[in-house]
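> sharing a model that was predicted from the sequence below.
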Protein chains: 2
Amino acid sequence: MRIVDLPGMDIAQFLVALIAIFAAAKLFGELAERVHQPAVLGELLGGVIIGVSGLHLVDPHDVTIRLLAQLGVILLLFHIGLETDLKKLIQVGGSATAVALVGVALPFAGGFALGYLLGFRLMIAALLGASLTATSVGITARVLSDLGHLKDDESQVILGAAVVDDIIGLVLLTIVGTLAEGGALSTLAIGRIILVAFGFVFLAIIIGSQLAPYLIRIVSRLQIARALFFASIIFAFTLAWVAQRVGSAVIIGSFAAGLVLARTHKAEQIEREVYDIGQFFIPIFFVVVGAAVDVASLDRRYIFVGLALTAIGIVGKVAAGFVVLKRGLRRIVVGVGMIPRGEVGLIFAQIGLSTKLLNTGLYSAVAMMVLLTTLVTPPVLRVLLRQHTPEELHGASDFVMEAPSDDLKS
Amino acid sequence: MRIVDLPGMDIAQFLVALIAIFAAAKLFGELAERVHQPAVLGELLGGVIIGVSGLHLVDPHDVTIRLLAQLGVILLLFHIGLETDLKKLIQVGGSATAVALVGVALPFAGGFALGYLLGFRLMIAALLGASLTATSVGITARVLSDLGHLKDDESQVILGAAVVDDIIGLVLLTIVGTLAEGGALSTLAIGRIILVAFGFVFLAIIIGSQLAPYLIRIVSRLQIARALFFASIIFAFTLAWVAQRVGSAVIIGSFAAGLVLARTHKAEQIEREVYDIGQFFIPIFFVVVGAAVDVASLDRRYIFVGLALTAIGIVGKVAAGFVVLKRGLRRIVVGVGMIPRGEVGLIFAQIGLSTKLLNTGLYSAVAMMVLLTTLVTPPVLRVLLRQHTPEELHGASDFVMEAPSDDLKS
C-alpha cells in the first residue's frame, strides 16, 4: 500500500537501484581484477548488465540516479585534483595543450568528414565531429589510478590535456548547442564563451589558493565532529557550482578545488577524510555510464557508423599523443590515455536527439563510440603500463587501489 | 544555457541544496554544542532556517532530497543497530513492550478525544490520534548518542519501546490509510498486518544471524577494495528493502541488519567502515525534517490545536515511561526519551492531506507537534543526563560524538 504518490522513484526502488549498482560494481570489479584488468572496466560492464541493455535494475535516466552519478564524478575529479601536483601540471603544460589542441582538431575533422561523406547535413556532421572531441578525464584517471600510475609524467600530460580538451569541448558544446537550437552567435559571443571557460580555471586556482589557508585556520578552531571533512566537501561543491554557473563544467570546478587544497598543509588529512565518501559515490558514476548503453537500438547500418566513429576517435587521439613536446615521455601511452570519451560525448548526442538532428540510430552510434573507446582503453593501458606491485605502491596513496588508511583500519 | 531539460533538480540546484544542508548542519550544530546542547538540535533548527519557513535553499519535497534523507535515517538506524546489544535489548523487552503499548494507547486516546471535542469527524479524530503514536527512534537515539548515553539501560528501554511503537504505528498506518481511502478491512486482514509487522523483525534477526557469518566468510576472500564496507551496506539496504516490501518500514529493516551484524566478530570493523558514509547522509535527514516545517501556514486556531496535540503527546509518553517494570531505572528519562515524534507522524499528516481529511491548518498543527516534541526533548534530556566527559567516553564509540578512528586519522 503506497498512499503518498511521488514523482520519480520510491524508497524501495531506490534501494534496489543502489543494491544493484554496488553489487554489480564490486562483483564485476572483482572479476576484472582477477583477470588483471582495472576494476573500472568491471564496473562499466556490470553497468551494461544491470542497465537498459540487460536487467533494467537501474534506470540511468532517473533524476536521482543521474544526480548521484554526477556527484560521483565530481568527487572523483576532486580526488584526482587532491593527488595532482599543480607545479608538475604546469611543467607539462606545453605538451598538454599541444596534445589537447591536436586531439580536438583531428577527431572533429574526421567525424565531420565521415558525416559529410555519408550524406548527412552539415549541422549533423558537425555534431558527430564535436561528440568525438572531449576525453573523459574521469575514466582515464581512474584507470591510471587503478594501475598505480597516476603520478607518472605521462599521466600528468594526459590529465592536463584532458582538462584542456574538456574545456574546449564545453566551448564547442555551447556553440553547437546554440546553433542546433536555431540560435545565432557573434564572434564576440564566441570569444566571451572561450574566455569564461579558461578564465574560470585560472581564477579559481588563484583566488582559491589565497582563500584555502584562511578556511583551514577557521575549521581548525571548530569543535564539531569532522569539521575538515565537511569544509572540504563544501569547498569542492561550491567551486563545482560556480564552474557550472559561469559556463564551465562541475568536474572542472571540483578538480580546481582539489588542486587548491592539495597545496595546503592539511592535504593528506583531507584526502584520507574524503576517501570513504568517494568510495560510495564514484562507482555509481561508472555503473550508470554502462547502464545507459542500449545495445538493442543499434541496427547494422548504425553499427558501421559507430565503428567508424570509434576508429576515428582512436586514431585521432593516438596521433595527438605524438605531438608531446617534452622528451623522455612514452607518447603512445599519452595517446592511448586520451582515447576514452565519456559524458561530454554523450551530452552532444543528447542535444542532437532532443533537437531532432540525430535519430535514435545515430544517437546509439555515438553511444557505441563512447562505450567502445572506454572499454578498449583499460586493457591496452594495462599492457603498456606494467601494474605496480603492492610493495611499489606502498605510500603512493593512489586512492582507488588502496585505502590510505587501510593499514590503520583493518 | 541548459539544453537537456530534466524533471527535478539540475546539478547546480542539487549542489546548492547539499552545500546549504551541510553548512546549516555544521554551523548550527557547532552553535548548539557551544551552548551545551546536542548537535542534532542545531541541525533541526538549521533546517528550519534554510527550508520552506526561511531561505528556501532546500526543497524538502523534492524527490532526490527525500530519498537522500531516507537513506540518512536508514543508515542512522543501521548504526544504532550496530551499537545495540541484542541480549540487553531482550532483557529489557518486558519493560520496552509495556512502555510502547501504554505510549501508543494514551496519546491515541488523547488525540482522538481532542479531535472529537473540537467537533471533527471520527475519521479525522482517529488520524490526529494516530499521528501521536510513534516515537521517532532516529531523533531520540541521536540525542542519546550525542550525549554519550546510548548504552545506558534507560536507553535500551527507549530503543526497544521506540522500535515496538514504530511497528504498532505502521500497523495503524496501514489500517488508517486503507480506511481513509474508503477501503474496508476484515479482522483477519488486520491480524495479518500485525503478524507481518512483528514477524518480520523476528525472522530477520533469526535468518540474518544464520546468514551473516557465511557472508563475512565470503567477503574476507575477496580481493577488491573495501569489500566489507560494501557487503555491510548491501546487507543493510537489502533488509531495509525487504522490510518495506513485506509492509514493515525501511528503518526497522536496517536496524535489524545492524543488530545482526553487531553479533559477528567483524562488528567493530564494520562500525568503523560505515562511519564516514553515515556522517554524510545522517545530517541530511535532520536538516530536511527541519526544512519541511512551514511556520507561515499556522494561524491562531491551528496553533492552539498544535499546542494541545503537543501537550497530549508529551504527557502521554512521559506517563508511559512510568510503567517500566525493571527496577533501578530512571522512569522519567525513559518517558522523556519517548517524546519526539518524527517521520511516522508526518506520514499520517500527509495521508490526511492527500485524502482531503485534513486541511492545511490541521496538517500544519500535526507538523508543529512533530517539531515541538522534537525540539523540546534534547534540552530536557540534556538536563536529566549529565553529558559524559571525553575521558568517560573514551572507548564508548558513540558514533556521533566521536569518530571511533579519529585518533588514528588525525
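Looks like it arrived, so ask away.
> stretch A:163-176 near chain B anywhere?
Yes - with C-beta under 8 Å from any C-beta of the partner chain as the threshold, stretch A:163-176 lies in contact with chain B, specifically through A:T174. In short, each C-beta sits where N, CA and C put it, glycine included.
> how many neighbours does A:L239 have?
31 (other C-beta atoms under 10 Å in any protein chain shown).
> does it really touch A:G258, like I thought?
No - proximity of A:L239 to A:G258 does not meet the contact threshold set by C-beta atoms under 8 Å, at 9.1 Å.
> what residue is smack in the middle of chain A?
By C-alpha atoms, centre = their mean, the mean C-alpha position of chain A lies nearest to A:G138, the distance being 2.9 Å.
> name the SS class of the closest residue to A:V324 other than its chain neighbours, please.
Ranked by C-beta to C-beta, 6 or more residues apart in numbering or on different chains and with sequence neighbours excluded, the top spatial neighbour of A:V324 is A:S95, at 4.6 Å. A:S95 falls in the helix class when you classify it by DSSP: H, G, I helix; E, B strand; the rest coil.
> what's the answer for the one 4 residues further on, then?
The three-state assignment at A:V99 reads helix, by three-state DSSP.
> pLDDT at it, what is it?
At A:V99 the predicted local confidence, pLDDT, stands at 93.
> measure the spatially closest residue to it that is not a sequence neighbour to B:L259 for me?
Closest residue to A:V99 in three dimensions, ignoring its sequence neighbours and counting by C-beta to C-beta, 6+ apart: A:A161, at 4.0 Å. With distances defined as C-beta to C-beta, to the nearest Å, the gap from A:A161 to B:L259 amounts to 52 Å.
> and these two? Which one has more around it.
For A:A161 and B:L259, the more surrounded residue by other C-beta under 10 Å is A:A161, and the numbers stand at 33 against 26.
> which other helices and strands contact the host helix or strand of that one?
Taking DSSP states H and E as the criterion, the element that holds A:A161 is helix A:153-180. Contact partners of helix A:153-180 among helices and strands, from 3 or more C-beta pairs under 8 Å, 6 or more residues apart in numbering or on different chains; DSSP states H and E: helix A:86-91, helix A:93-117, helix A:122-131, helix A:137-146, helix A:187-219, helix A:250-262, helix A:331-337, helix A:343-354.
> after the longest one, which helix or strand is next?
In this case it means helix A:187-219. Scanning forward in sequence from helix A:187-219 by DSSP H and E, the next helix or strand is helix A:227-245.
> near A:M123, how many other residues are there?
The number of residues near A:M123, taken as other C-beta under 10 Å, comes to 14.
> identify the spatial nearest neighbour of it, chain neighbours not counted.
The shortest distance from A:M123 to any residue other than its chain neighbours is 6.0 Å, reached at A:L357 (C-beta to C-beta, 6+ apart).
> quick one: the one you found and A:A180 touch, right?
Yes - under the criterion of C-beta under 8 Å, A:L357 lies in contact with A:A180, with a separation of 5.8 Å.
> what do the two both touch?
Applying C-beta atoms under 8 Å, 6 or more residues apart in numbering or on different chains, one finds that A:L357 and A:A180 are jointly contacted by A:M123, A:L127, A:I351.
> so who does the second one touch?
Under the criterion of C-beta under 8 Å, 6+ apart, the contact partners of A:L127 comprise A:G115, A:V176, A:A180, A:F348, A:I351, A:G352, A:L357, A:L358.
> quick one: contacts for the spatially closest residue to the fourth one that is not a sequence neighbour?
In other words, A:F348. On the basis of C-beta to C-beta, 6+ apart, the spatially nearest residue to A:F348 that is not a chain neighbour turns out to be A:S131, at 3.9 Å. Taking C-beta under 8 Å, 6+ apart as the definition of contact, the neighbours of A:S131 are A:G111, A:L309, A:R341, A:G345, A:F348, A:A349, A:G352, A:V366, A:M369.
> so for A:A12, what's the nearest residue that isn't a sequence neighbour?
Nearest in space to A:A12, with sequence neighbours left out and distances taken as C-beta to C-beta, 6+ apart, is B:Q244 at 4.8 Å.
> how about stretch A:119-128, which residues are buried there?
Of the residues in stretch A:119-128, those with enough neighbours to count as buried (16 or more other C-beta atoms under 10 Å in any protein chain shown) are A:F120, A:I124, A:A125, A:A126, A:L127, A:L128.
> what does stretch A:188-198 give?
A:I193, A:I194, A:V196, A:A197.
> up against chain B, what does the stretch 151-300 of chain A have?
With the criterion set to C-beta under 8 Å from any C-beta, the stretch 151-300 of chain A comes near chain B through A:174, A:177-178, A:180-181, A:222-227, A:229-230, A:233-234, A:237-238, A:240-241, A:244-245, A:247, A:250, A:269, A:272-273, A:275-277, A:279-280.
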